[in-house]
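Trainee: fold the following for me, if possible:
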Amino acid sequence: IQQSRLATMGEMTGNIAHQWRQPLTAVSLLVQDISECYYYGNFTEEYLDETVDKIVEVIQHMSRTIDDFRHFIKPDRTKTQFLVKEAVENVLSFLEASLKYNEITVETEIESGLSIKGYRNEYSQALINIISNAKETFIERQIPGPRISISGLRKHNRTVVTITDNSGGISEDIIDRLSNPFLDTGSTLPGNGTRLYISGIIIRKNPHGNLTVRNTGKGT
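Mentor: Here you go, the predicted model:
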């Protein structure tokens, strides 16, 4: 689990770097625009306030990304009651740039107040693993209109989170053997089978839950 966590942190660092390029470019252009407006005589107090507000908003967004990452890398010492919606939103924030770059649409529908008691960072790692698997499968298979749906509800006194994609599904030859850490999924991209194995361990150990997988008509 620790090795998988370090690998996930490496991937997330790359995602954050990719995610920061756009806001850094935006800040650079806004600063240059201030200089040009002053030079050409279009500079006003109203324009300055508006531009500064835009710059501050972009920087605050970048700061939140780093704060979320810092919270993720801290080891969980004790179990806490955390909201599923917040955990999912943080994970999607980490992966936002990569998902957008690959034109992957993500839809969420999670009950308000839905919570789990466990290690939040490990739970987030399991979500990242599953979503990353879907993303890489989309890329490998060149799926048109790639889409991920995440839903959460309370059912039979249990918190149920379902992640669905339209990646074409998992081969019936291996779908029942995904608990094997050395399973060859047939993917040209490394780590797909290991990620699912680690996610299963986390979910069973963390909130004493269960991770199941099945094929739908269009995906997994």
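Trainee: doesn't residue 213 fall inside a helix?
Mentor: No: applying DSSP: H, G, I helix; E, B strand; the rest coil, one finds residue 213 to be coil, outside a helix.
Trainee: look at it and report its pLDDT.
Mentor: Predicted confidence (pLDDT) for residue 213: 89.
Trainee: ok, residue 188 next?
Mentor: The model reports residue 188 with a pLDDT of 45.
Trainee: summarise which helices and strands the top helix by length along the chain is packed against.
Mentor: Taking DSSP state H as the criterion, the chain has its longest helix at helix 2-40. With contacts taken as 3 or more C-beta pairs under 8 Å, 6 or more residues apart in numbering; DSSP states H and E, helix 2-40 sits against helix 45-73, helix 84-101, helix 120-141, helix 192-205. Just so you know, the C-beta spots here come from the backbone N, C-alpha and C atoms, and that holds for glycine as well.
Trainee: can I get those helices in JSON lines with distance to residue 213, mean pLDDT and mean neighbour count?
Mentor: Output for the helices and strands packed on helix 2-40, formatted as JSON lines (distance: least, C-beta to C-beta, whole Å; pLDDT from 0 to 100; neighbours: other C-beta atoms under 10 Å):
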{"stretch": "helix 45-73", "distance to residue 213": "24", "mean pLDDT": "81", "mean neighbour count": "13"}
{"stretch": "helix 84-101", "distance to residue 213": "18", "mean pLDDT": "87", "mean neighbour count": "19"}
{"stretch": "helix 120-141", "distance to residue 213": "9", "mean pLDDT": "90", "mean neighbour count": "22"}
{"stretch": "helix 192-205", "distance to residue 213": "7", "mean pLDDT": "80", "mean neighbour count": "20"}
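Trainee: any chance of the ones you listed in CSV, with distance to residue 148 too?
Mentor: Converted to CSV, the helices and strands packed on helix 2-40 look like this (distance: least, C-beta to C-beta, whole Å):
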stretch, distance to residue 148
helix 45-73, 19
helix 84-101, 8
helix 120-141, 6
helix 192-205, 15
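Trainee: between those, which one is closest to residue 154.
Mentor: Among the helices and strands packed on helix 2-40, the nearest to residue 154 by C-beta to C-beta is helix 84-101 (10.0 Å).
Trainee: state the next helix or strand along the chain beyond that closest one.
Mentor: Next helix or strand after helix 84-101 toward the C-terminus (DSSP states H and E): strand 105-110.
Trainee: who's in contact with that next one?
Mentor: 84-85, 88-89, 92, 99, 131, 145-153, 161 (C-beta atoms under 8 Å, 6 or more residues apart in numbering).
Trainee: now with 6 Å, please.
Mentor: With contact meaning C-beta atoms under 6 Å, 6 or more residues apart in numbering, strand 105-110 is reached by 84-85, 147-152.
Trainee: so which of the residues you listed is the closest to residue 202?
Mentor: Closest approach to residue 202 among the contacts of strand 105-110 (C-beta to C-beta): residue 84, at 14.7 Å.
Trainee: ok, that closest one touching residue 152?
Mentor: Yes: counting by C-beta atoms under 6 Å, residue 84 touches residue 152, with 4.8 Å between them.
Trainee: anything in contact with each of those two?
Mentor: With contacts taken as C-beta under 6 Å, 6+ apart, residue 84 and residue 152 have 110, 114 as neighbours in common.
Trainee: good, we can wrap up now.
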